[in-house]
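**Student:** No sequence on hand, only this structure:
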């Protein structure tokens, strides 16, 4: 079964400096029908104005992945990392026993557009950790690159979940085998595509359950998808 979550149905808030969309319940947006999907808890699509951002705040017991789509994201945390992520870069933090971090637009002129993803860990009380990686178009065009998994990949997460990122050309197809009793959440980052024959536009998502395969067909040049394979 493939169930669509339309972009315009997401929670939305515009704070002036922050224009944000919430796929699942988050902050002031509450929807009992959309509290997450298996261990996937949050997908927020954020656009932050030049010079603005999120001040120091804490997290614990969560796997947090940020993916910068456009612009630059300045990051600082209590583990000692001070980084600026550019377009195409991903960051993974295991908050574990607790971290404090801040995220600001790294540009004084241009907005930053990024996704922030939360996955519940399989175990609480882990030692906090951090990884950062950049994937170029060549590493994801025509394929699904493994971004994060418990056994590693580009980054390691502490959950029976695999995060894949790919680009599919118009008229071509990416296929992903889904093992029995697992589910997939497919988020269309940009472009147009169909998932198991159902059309998606940018910001839309599809929940795939009780299927052996996820078939993604491109409807526009270099459409980009995130695939979450979840126990």
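**Tutor:** Happy to help now that I have it. What you see is a predicted model, and the numbers here were worked out from it, not measured in a lab. Residues are numbered from 1 along each chain as shown.

**Student:** hey, where'd the helices end up in the chain?
**Tutor:** Counting by DSSP state H, the segments of the chain that form helices are 137-140.

**Student:** residues of the helix or strand bottoming out on mean pLDDT in it that come out buried?
**Tutor:** In the chain, the helix or strand scored least confidently by mean pLDDT, DSSP states H and E is helix 137-140, which has a mean of 91. By 16 or more other C-beta atoms under 10 Å, the buried positions in helix 137-140 come out as residue 140. All C-beta atoms are positioned from the backbone trio N, CA, C, and that covers glycine.

**Student:** helices or strands up against that helix?
**Tutor:** strand 161-168 (3 or more C-beta pairs under 8 Å, 6 or more residues apart in numbering; DSSP states H and E).

**Student:** which residues does the residue nearest to the spatial centre of the chain form a beta bridge with?
**Tutor:** When C-alpha atoms, centre = their mean is applied to the chain, the residue found nearest the centroid is residue 117 (4.4 Å). Counting by DSSP bridges, residue 117 forms beta bridges with residue 43, residue 65.

**Student:** Residue 198 and residue 20, how far apart?
**Tutor:** Distance, residue 198 to residue 20, by C-beta to C-beta, to the nearest Å: 26 Å.

**Student:** Give me the more crowded residue out of these two.
**Tutor:** A count of neighbours by other C-beta atoms under 10 Å puts residue 20 above the other of residue 198 and residue 20, at 19 against 14.

**Student:** follow-up on the earlier one: contacting residues for the residue nearest to the centre of the chain?
**Tutor:** Shown in contact with residue 117 (C-beta atoms under 8 Å, 6 or more residues apart in numbering): 40, 42, 43, 44, 64, 65, 66, 67, 163, 226.

**Student:** Same check on residue 177?
**Tutor:** 212, 213.

**Student:** if we go to 6 Å?
**Tutor:** residue 213 (C-beta atoms under 6 Å, 6 or more residues apart in numbering).

**Student:** Quick one: neighbours of the residue found closest to residue 139 once you drop the neighbours it is linked to in the chain, just the number.
**Tutor:** Spatial nearest neighbour of residue 139, chain neighbours left out: residue 145 (5.5 Å); criterion: C-beta to C-beta, 6 or more residues apart in numbering. When neighbours are counted by other C-beta under 10 Å, residue 145 registers 15.

**Student:** Thank you kindly, that will do.
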